[in-house]
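Peer 1: I would like the atomic coordinates for the input below:
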Amino acid sequence: MGMVLTDFGRIAAGGICGLLLTGFAAGCGAGSGDATVPFEASAQSGSAGSPPPSGSAGPGAGELDLRRSGDLAFYQTFDVDAGASARHYRDLDEGARASTAVVVARVVDVVITRTFEGEVADDRFPMIGVVLRPTDVVTGSLPPRAVDRLTVEFIGTGYDEEEVAKLKRRLPAQPGLWFLRFDDERPRDGFFHVVSPQGLFVQGTTGVETPLTNEGDGDLGAEGRTYRRLSALVQRVRGVR
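Peer 2: Numbers count the residues shown, from 1 in each chain. Take a look at the predicted model:
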């Protein structure tokens with residue numbers, strides 16, 4: 001069974017930005033046989049020069065631009081329905097200003113954070129948390145308790161615990177550039193959300209990709225995809241407020 005994941009913040013507001021977990025092909029994971037492949041491009045890459053969060057080492061430009069076979073497939077298991085209810089931003093600057101923080105981070109875990117029950121017994125809404133380890137705060141700031149570890153929360157229906165276990169076995173090694181907003185409505189929970197389906201960038205084969213969605217023209221995601229190297233995109237966004 002697939003898993004439908006939706007940004008909880010949009011659900012609460014009456015909108016839906018659906019993330020459909022479409023299933024897992026046996027060869028799509030980042031297993032022990034996956035190779036680390038350097039991105040082949042002649043474009044100049046930027047340097048990740050600002051201090052990383054305390055207790056962690058920020059990745060250098062070369063590491064940001066590496067693509068490990070199978071990593072992108074992890075993100076692409078989330079098929080985003082970027083409908084009219086999804087938030088869109090005109091460009092990178094607008095997306096960065098809407099974010100609590102834009103961070104370079106690695107996925108270190110996938111967890112079920114909590115479950116809500118509807119009016120009927122079978123109407124259950126599990127909250128899915130993608131746990132990140134930030135290595136570089138590119139712009140904005142993180143609450144002190146989120147500096148070394150934070151959870152990006154989504155809501156799912158029809159989930160299967162075995163599917164979550166499969167995700168745990170396929171955690172990507174490559175870092176991503178995450179545009180995140182803190183959930184101010186439930187600050188005690190300490191969860192974050194991506195600002196929109198276009199709010200995640202990773203290094204692809206021929207350039208930067210938005211693995212949660214390829215939709216959008218002339219917006220945040222489209223501008224980010226014009227970059228050939230993730231390190232150059234990081235430098236472009238750094239310090240924007």
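Peer 1: Please make it C-alpha for all contacts and neighbour counts, starting now.
Peer 2: Noted.
Peer 1: so where do the strands sit in this protein?
Peer 2: 3-6, 18-21, 36-38, 66-68, 78-81, 101-117, 124-140, 150-157, 176-182, 191-194, 200-203, 208-209 (DSSP state E).
Peer 1: would you list those in JSON lines and tack on mean pLDDT, mean neighbour count and distance to D91?
Peer 2: Converted to JSON lines, those look like this (pLDDT from 0 to 100; neighbours: other CA atoms under 10 Å; distance: least, CA to CA, whole Å):
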{"stretch": "strand 3-6", "mean pLDDT": "43", "mean neighbour count": "23", "distance to D91": "23"}
{"stretch": "strand 18-21", "mean pLDDT": "39", "mean neighbour count": "22", "distance to D91": "22"}
{"stretch": "strand 36-38", "mean pLDDT": "49", "mean neighbour count": "13", "distance to D91": "28"}
{"stretch": "strand 66-68", "mean pLDDT": "86", "mean neighbour count": "22", "distance to D91": "25"}
{"stretch": "strand 78-81", "mean pLDDT": "53", "mean neighbour count": "20", "distance to D91": "19"}
{"stretch": "strand 101-117", "mean pLDDT": "90", "mean neighbour count": "19", "distance to D91": "14"}
{"stretch": "strand 124-140", "mean pLDDT": "89", "mean neighbour count": "22", "distance to D91": "15"}
{"stretch": "strand 150-157", "mean pLDDT": "76", "mean neighbour count": "24", "distance to D91": "22"}
{"stretch": "strand 176-182", "mean pLDDT": "96", "mean neighbour count": "25", "distance to D91": "12"}
{"stretch": "strand 191-194", "mean pLDDT": "91", "mean neighbour count": "24", "distance to D91": "15"}
{"stretch": "strand 200-203", "mean pLDDT": "95", "mean neighbour count": "26", "distance to D91": "13"}
{"stretch": "strand 208-209", "mean pLDDT": "94", "mean neighbour count": "24", "distance to D91": "15"}
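Peer 1: Which among the ones you listed is found nearest to K166?
Peer 2: Using CA to CA as the criterion, the shortest distance between K166 and the strands of the chain is 9.7 Å, found for strand 101-117.
Peer 1: Could you list every helix and strand that the closest one packs against?
Peer 2: Under the contact criterion of 3 or more CA pairs under 8 Å, 6 or more residues apart in numbering; DSSP states H and E, the helices and strands touching strand 101-117 comprise strand 124-140, helix 161-168, strand 176-182.
Peer 1: Can you list the strands that it pairs with?
Peer 2: If you go by DSSP bridges, strand 101-117 pairs up with strand 124-140 (antiparallel), strand 176-182 (antiparallel).
Peer 1: Nearest to R238, out of those?
Peer 2: With CA to CA as the yardstick, what comes closest out of the strands paired with strand 101-117 is strand 124-140 (4.8 Å).
Peer 1: got the angle for that closest one vs helix 161-168?
Peer 2: Calculated by axes from the mean of the first three to the mean of the last three CA atoms, to 10 degrees, strand 124-140 forms an angle of 20 degrees with helix 161-168.
Peer 1: how close does R169 get to L92?
Peer 2: Taken as CA to CA, to the nearest Å, the spacing of R169 relative to L92 amounts to 32 Å.
Peer 1: okay, these two: which has more neighbours?
Peer 2: With other CA atoms under 10 Å as the criterion, R169 and L92 differ in neighbour count, and L92 comes out ahead with 22 against 15.
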